[in-house]
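Q: generate coordinates for the sequence data below:
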Amino acid sequence: MTAAPLRIGNASGFYGDRFDAVREMLTDGPLDVLTGDYLAELTMLILGRSRLKDPARGYAATFLQQLEEGLGLAHERGVKIVANAGGLNPAALAGAVAELARKVGVPVRVAHVEGDSLPVPDGFLTANAYLGGHGIAACLRAGADVVVTGRVTDAALVTGPAAAHFGWGPDDHDALAGAVVAGHVLECGTQATGGNYSFFRGHDIRRPGFPLAEIHADGSSVITKHDGTGGFVDVGTVTAQLLYETAGARYAGPDVTARLDTVSLTQDGPDRVRISGVRGEAPPPTLKVGLTRLGGWRNEVVFVLTGLDIEAKARLVQDQFAQALTRSRTGPPDEVRWELARTDRADADTEETAGALLRLVVRDQDPEAVGRSVSGAAIELALGSYPGFHVTAPPGKGAPYGVFEAGYVPAEDVEHIAVGPDGRRERVAPPVRTKALEEVDEPALPEPLPAGLTQLTPLGRIAGARSGDKGGDANIGIWVRTDDAWRWLAHELTVERFQELLPETAELTVVRHVLPNLRALNFVVHGLLGEGVAAQARFDPQAKAVGEWLRSRHLPIPVTLLETTDAPEAHA
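A: Numbers count the residues shown, from 1 in each chain. Here you go, the predicted model:
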């Protein structure tokens, strides 16, 4: 008799996601485990600053508010709750959840995972190792109904419950790898159910339902959602999320290294995608460590340039500002960056569509250098600069910005502790078998598509994309839906071609990874985001839209491929 799958749902992809998702996931259909991911790289910095103000905090307070209703609903339905909302203080959040349970009269057993917090180096605000799922598994085996953690990998929220349920051990690499892949699909919530999806047209994604995975004993899974909820699940939405914030074929984590080049996706019915064939390898001997620090101070002013002579108006205000900053008491800031966005149209029928945006961003270690000297200069230009002078918002006094950096420590140096509902502490041993991370050999490319008629048209006519950030690097995953389109894309979109299409990347190191099973290419652009999202170094600080920019660029695409762009989604 085949064991029933474990139904694991997601109710949060980031700190600030849809508040009602916990209730919706608990009431819209059956679940065994409900997870929530609250910790992005930027979030750790936010929680670090929160903890400076109140050492008893440092966790995601929204999660506690969601449980005011969610605890009772989960208890009635027999659903376990696992979330990384503990942030920098999982013990405090566990205590707060237990107190809430007493207050609302729900008899739940609360456990937590700790040990990710490491000694903070001088000059940094936080230092946390990325733990795996075995601490979560230990808490669940000890009888916990609610498990809160600090910094674990996003996929650990799925691997932990699956390992506890199916009895997987540290050497069950294939099963763990399958759960990691499912966890990666779930971790960003509605990005797996049509949110932020290139081919959204023709689908109702006004309020997509959150995803869930039916995990089987061998680690295979089906990605789906509750019946009757919005959005949709197909091979494309799952492919897009698989490519999000990844790099090469080896997707390393503390429990296992999952081989993304072994993933097989098949449509298993409406809103159901089966993930199978995933192979795993021993994890690396080191754990990733996330370090955050305050990087300095920044300020921003956006000037609106309207109508004629846009370029000349931009030059005038830049010259005026340069003179004003030179005359200021502190002198020019360490970094001064201008960006002109030509959002204007000729002969526009509304004032707004006649305007372009000139964005000034300044940074310095001294708050005064980006404060009054910058805001004052902007205000003083109001009556003596280009015609039509105005800004999108009054300039402020500047604000601190943060920096995320990654480091690595030996896994055996980190005390991974599961604290059970009764307070008993269990040390989770590091993996005995490890394997240093290496790039896979470049896979063979398919036969090129025969030469034929082409049409200059946007790449997005035939290709989807999803992009994101990892520290200062960006990744852009791009995939196609047919074998013939893959034969063309694999040969056409080289690193050189990529850099031609996205000139901002021309002077940066770009690495291409080939994933034939997904008909996908994944490009990692090193340094595109400067010091990372918290530093807000560019207009799109998390590289969320770089993939859509790439899709908008024109290429000579074979006409035969354009004739099939409306064909149903093919199976991988």
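Q: what about the stretch 351-500 of the chain, any weak spots by pLDDT?
A: Nowhere does the stretch 351-500 of the chain drop to pLDDT under 70.
Q: can you give me the strands in it?
A: Applying DSSP state E, counting those that start in this stretch to the stretch 351-500 of the chain gives strands spanning 355-364, 390-391, 399-410, 416-419, 425-428, 454-458, 463-470, 473-480.
Q: and of those, who's closest to residue 227?
A: strand 463-470 (25.7 Å; CB to CB). From N, CA and C alone the C-beta is placed, and that goes for glycine too.
Q: contacts for the helix or strand harbouring residue 98?
A: Per DSSP states H and E: residue 98 is located in helix 90-104. The set of residues external to helix 90-104 that reach it, using CB atoms under 8 Å, 6 or more residues apart in numbering, is 56-60, 63-64, 67-68, 71-72, 85-87, 107-108, 110-114, 146, 148-150, 419.
Q: just the buried positions in it, please.
A: By neighbour count with 16 or more other CB atoms under 10 Å, helix 90-104 contains the buried residues 90, 92-94, 96-98, 100-101.
Q: got it, and stretch 549-561?
A: Quick answer for stretch 549-561 (16+ other CB under 10 Å): 549-551, 555, 557-558, 561.
Q: widest-spaced pair of those residues?
A: 549 and 558 (22.5 Å).
Q: who are the contact partners of the residue lying closest to residue 493 once chain neighbours are set aside?
A: Using CB to CB, 6 or more residues apart in numbering and skipping residues adjacent in sequence, the residue nearest residue 493 is residue 521, 5.8 Å away. By CB under 8 Å, 6+ apart, the contact list for residue 521 reads 477-479, 489-490, 493, 512-515.
Q: make it 7 Å
A: Taking CB atoms under 7 Å, 6 or more residues apart in numbering as the criterion, residue 521 is in contact with 478, 489, 493, 512, 514.
Q: likewise for residue 277?
A: If you count contacts by CB under 7 Å, 6+ apart, residue 277 has them with 262-264.
Q: from those residues, which land in strands?
A: Of these, the ones assigned to strands by DSSP state E are residue 264.
Q: and the contacts of residue 277, which of them are buried?
A: Once neighbours are counted (16+ other CB under 10 Å), the buried part of these comes down to 262-263.
Q: let me know the closest of the contacts of residue 277 to residue 213.
A: residue 263 (13.6 Å).
Q: looks like residue 476 contacts residue 523 (just checking).
A: Yes. Checked against CB atoms under 7 Å, the pair residue 476 and residue 523 is within contact range at 4.7 Å.
Q: that older thread, take the contacts of residue 521 and keep only those in helices.
A: Counting by DSSP state H, the part of these found in helices is residue 489.
Q: which among the contacts of residue 521 gets closest to residue 441?
A: residue 514 (10.4 Å).
Q: where does the stretch 1-150 of the chain have low pLDDT?
A: If you take pLDDT under 70 as the line, the stretch 1-150 of the chain has these spans: 1-2.
Q: strands of that one, start to end?
A: 6-10, 33-36, 80-83, 110-114, 126-129, 146-149.
Q: of all those strands, which lies closest to residue 181?
A: Shortest distance between residue 181 and those, using CB to CB, is found for strand 6-10: 12.8 Å.
Q: distance between the ends of stretch 339-355?
A: Criterion CA to CA, to the nearest Å; first-to-last residue distance in stretch 339-355 is 14 Å.
Q: residues of it that come out buried?
A: 340, 344, 354-355.
Q: got the contact list for that stretch?
A: 304-307, 310, 314, 356-359, 539.
Q: most widely separated two among the residues you listed?
A: 307 and 539 (22.8 Å).
Q: which of these two has more neighbours?
A: Between residue 307 and residue 539, counted using other CB atoms under 10 Å, residue 307 has the larger neighbour count: 15 against 11.
Q: how close does the residue lying closest to that one once chain neighbours are set aside sit to residue 74?
A: What sits nearest to residue 307 in space, not counting adjacent residues and going by CB to CB, 6+ apart, is residue 354, at 5.4 Å. For residue 354, the distance to residue 74 equals 54 Å [CB to CB, to the nearest Å].
Q: beta-bridge partners for the nearest residue to residue 452 once chain neighbours are set aside, please?
A: Nearest in space to residue 452, with sequence neighbours left out and distances taken as CB to CB, 6+ apart, is residue 558 at 5.5 Å. Going by DSSP bridges, residue 558 is paired in beta bridges with residue 454.
Q: check contacts around residue 558.
A: 449, 452, 454, 488.
Q: let's see 8 Å
A: Residue 558 touches 449, 452-454, 488, counting by CB under 8 Å, 6+ apart.
Q: what does residue 72 give?
A: So residue 72 contacts 104, 106 (CB under 8 Å, 6+ apart).
Q: do the same with residue 81
A: 33-36, 67, 70-71, 74, 145-147.
Q: how close does it sit to residue 213?
A: 16 Å.
Q: on that earlier part again, looking at this, the residue nearest to residue 493 is in a helix?
A: No. Under DSSP: H, G, I helix; E, B strand; the rest coil, residue 521 falls outside any helix and is assigned strand.
Q: neighbours around the closest residue to residue 178 other than its chain neighbours, how many?
A: Counting by CB to CB, 6+ apart, residue 178 lies nearest to residue 219, which is 2.7 Å off, once chain neighbours are set aside. Per other CB under 10 Å, the neighbour tally for residue 219 reads 29.
Q: residue 219 is in what secondary structure piece?
A: Residue 219 belongs to no helix or strand when assigned by DSSP H and E.
Q: related to what we said a few turns ago, so what's the residue nearest to residue 493 bridging to?
A: residue 478, residue 514.
Q: could you do the one 5 residues further on as well?
A: Each beta-bridge partner of residue 526 is listed here: residue 509, as defined by DSSP bridges.
Q: hang on, it packs against residue 507?
A: No. Applying CB atoms under 8 Å as the test, residue 526 and residue 507 come out as separate, 11.0 Å apart.
Q: neighbour-wise, which of these two wins?
A: Neighbour totals were compared for residue 526 and residue 507, and residue 526 leads with 15 against 8 (other CB under 10 Å).
Q: who touches that one in this structure?
A: By CB under 8 Å, 6+ apart, the neighbours of residue 526 are 472-473, 508-511.
Q: columns distance to residue 394 on top of these, output as CSV?
A: Converted to CSV, the contacts of residue 526 look like this (distance: CB to CB, whole Å):
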residue, distance to residue 394
472, 31
473, 34
508, 35
509, 40
510, 39
511, 43
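Q: just give me the neighbour total for the closest residue to residue 198 other than its chain neighbours.
A: Nearest residue to residue 198, sequence neighbours excluded (CB to CB, 6+ apart): residue 464, at 3.7 Å. For residue 464, the count of nearby residues is 24 (other CB under 10 Å).
Q: can you name the next helix or strand after the top strand by length along the chain?
A: For the chain, the strand reaching the highest residue count under DSSP E is reported as strand 286-306. Using DSSP H and E, the helix or strand that follows strand 286-306 in sequence is helix 310-327.
Q: quick one: that next one to strand 355-364, angle?
A: Relative orientation of helix 310-327 versus strand 355-364 (axes from the mean of the first three to the mean of the last three CA atoms, to 10 degrees): 20 degrees.
Q: so residue 551 sits right up against residue 457, yeah?
A: No. Judged on CB under 8 Å, residue 551 makes no contact with residue 457 at a distance of 11.1 Å.
Q: hang on, the earlier thing: for the contacts of residue 526, which one is nearest residue 190?
A: Closest to residue 190, out of all of the contacts of residue 526 and judged by CB to CB, is residue 473, at 24.6 Å.
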